[in-house]
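[1] can't give you the sequence, but here's the structure:
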């Protein structure tokens, strides 16, 4: 089992460097190689941009740490102490304007525990640069397979515990946490079984693992597959496409998180997606964005991806409470959690109306959603003054999932007129 992996665009650059690294254009290449070359160039541009951004962030963080250390040294020297605590600063009376300023800086840092936060941020920057964006890093080696060979299926290692299970535990709890034990939270669906498949490391998943995981889930009885993951590149999309079409042929509903980049998936796709390379649409696919309890103009989560034609529906994904390992709970944000909320509603409806097909179930979830299509909302963005659009321009249904209305519609008791 993998722990930390690189991002897909870093792997594309790594794998294509020898073949395309010295080329100045794609002229003379076959159509297939030209497509691969263009993907390589695009990935390299993104990789270089992200590396530059993280290195600048590291420099800025180091500047703040250095500033604290300089002022700490000044204050400690004036106080005649090697170590300074908050209570020491409160008793300290500096004798110069420079020392007053130094005391203030040290006090603010210690009061807010900023040094710890900056150290943690620096550690995260190093993680991105050393692993996620490092073309010399290959975490795949440990499992002993060829990720470009779908037939090479007997791979793995003896790390059965793997990395932290927080994300998967949180997701599973939203769907199926026990509703009858008076402990913690209650999942959306009662008496459902969870098949736990770990195919995503800390980094980007491999197309091969996702294709095989989907097929495994289908062949072992899954009715709803929740997919709280995604990436911007898919070099073996055909493998995933075939697995998704296989799932659809077996009447399996595929529920996927739209992503957390505040971007329009109509313009820049997030993978996997319901559109195959051959232009077919996976009929049992449900793409989910994240909504907020705030409603009104802030109905979409500001981080959520959206798309008038590529995102089907929104579901609660802001300030969602779920379970973590070791009897802990948390409040988290992400389309990763809007997706299992939708999968949970699907399981709830299907458990009561098992004769529905997966496409009929999807249709029910879409049509029974609470409609906000005419409401003007802020387009997801980190900008303070984000532009507005009608909610129907952000997703196909123009609505937020509604379990009660879905049950009524499945029972033929909801008038959509």
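    Thanks, I have the structure now. What you are looking at is a predicted structure, and each value in this text was computed from that prediction instead of being measured.
[2] what does the helix or strand bottoming out on mean pLDDT in the chain contact?
    In the chain, the helix or strand scored least confidently by mean pLDDT, DSSP states H and E is helix 86-91, which has a mean of 93. Here helix 86-91 makes contact (CB atoms under 8 Å, 6 or more residues apart in numbering) with 75, 79, 81, 103, 106, 107, 110, 111. From N, CA and C alone the C-beta is placed, and that goes for glycine too.
[3] and these as a markdown table, adding distance to residue 94 and neighbour count?
    Output for the contacts of helix 86-91, formatted as a markdown table (distance: CB to CB, whole Å; neighbours: other CB atoms under 10 Å):
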| residue | distance to residue 94 | neighbour count |
| --- | --- | --- |
| 75 | 8 | 22 |
| 79 | 9 | 17 |
| 81 | 14 | 12 |
| 103 | 5 | 22 |
| 106 | 11 | 25 |
| 107 | 11 | 17 |
| 110 | 15 | 18 |
| 111 | 17 | 10 |
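[4] Can you tell me, leaving aside adjacent residues, what's nearest to residue 119?
    residue 65 (7.7 Å; CB to CB, 6 or more residues apart in numbering).
[5] Tell me how far the one helix or strand that neighbour maps to lies from the chain's centre.
    Secondary-structure element containing residue 65, defined by DSSP states H and E: helix 31-79. Distance, stretch centre to chain centre, for helix 31-79: 22 Å (CA atoms, centre = their mean, to the nearest Å).
[6] low-scoring stretches of the stretch 301-417 of the chain, by residue?
    417 (pLDDT under 70).
[7] What residues sit buried inside stretch 10-30?
    Neighbour counts over stretch 10-30 (16 or more other CB atoms under 10 Å) mark 10, 11, 12, 13, 14, 15, 16, 20, 26, 29 as buried.
[8] So what touches that stretch?
    With CB under 8 Å, 6+ apart as the criterion, stretch 10-30 contacts 6, 33-34, 36-41, 43-44, 47, 132-136, 138, 204, 233, 235.
[9] let's see it at 10 Å
    Defining contact as CB atoms under 10 Å, 6 or more residues apart in numbering, one finds that stretch 10-30 is touched by 5-7, 33-48, 50-51, 131-140, 147-148, 203-204, 206, 233, 235.
[10] Distance across it, terminal residue to terminal residue?
    23 Å (CA to CA, to the nearest Å).
[11] on that earlier part again, least confident of the contacts of helix 86-91?
    Lowest pLDDT within these is found at residue 81 (91).
[12] List the contacts of that residue.
    75, 88, 92.
[13] now swap in residue 166 and tell me
    Applying CB under 10 Å, 6+ apart, the residues contacting residue 166 are 322, 323, 324, 325, 326, 328, 330, 332.
[14] ok, of these, which come out buried?
    In these, the ones that pass as buried (16+ other CB under 10 Å) are 322, 323, 324, 332.
[15] right, and the pair among those with maximum separation?
    323 and 332 (11.0 Å; CB to CB).
[16] Find residues that contact each of those two.
    Shared contacts of residue 323 and residue 332, counting by CB under 10 Å, 6+ apart, come down to 166, 170, 171.
[17] mind putting the residues you listed in TSV, distance to residue 285 and secondary structure included?
    Shown next, in TSV, are these (distance: CB to CB, whole Å; DSSP: H, G, I helix; E, B strand; the rest coil):
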residue	distance to residue 285	secondary structure
166	27	helix
170	23	helix
171	18	helix
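[18] one step back: now tabulate the buried ones among the contacts of residue 166 in a markdown table and tack on secondary structure and distance to residue 295.
    Below are the buried ones among the contacts of residue 166 laid out as a markdown table (DSSP: H, G, I helix; E, B strand; the rest coil; distance: CB to CB, whole Å):
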| residue | secondary structure | distance to residue 295 |
| --- | --- | --- |
| 322 | strand | 21 |
| 323 | strand | 26 |
| 324 | strand | 27 |
| 332 | strand | 20 |
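[19] just these now: which is nearest residue 344?
    Distances from residue 344 to these, taken by CB to CB, are shortest for residue 322, at 11.1 Å.
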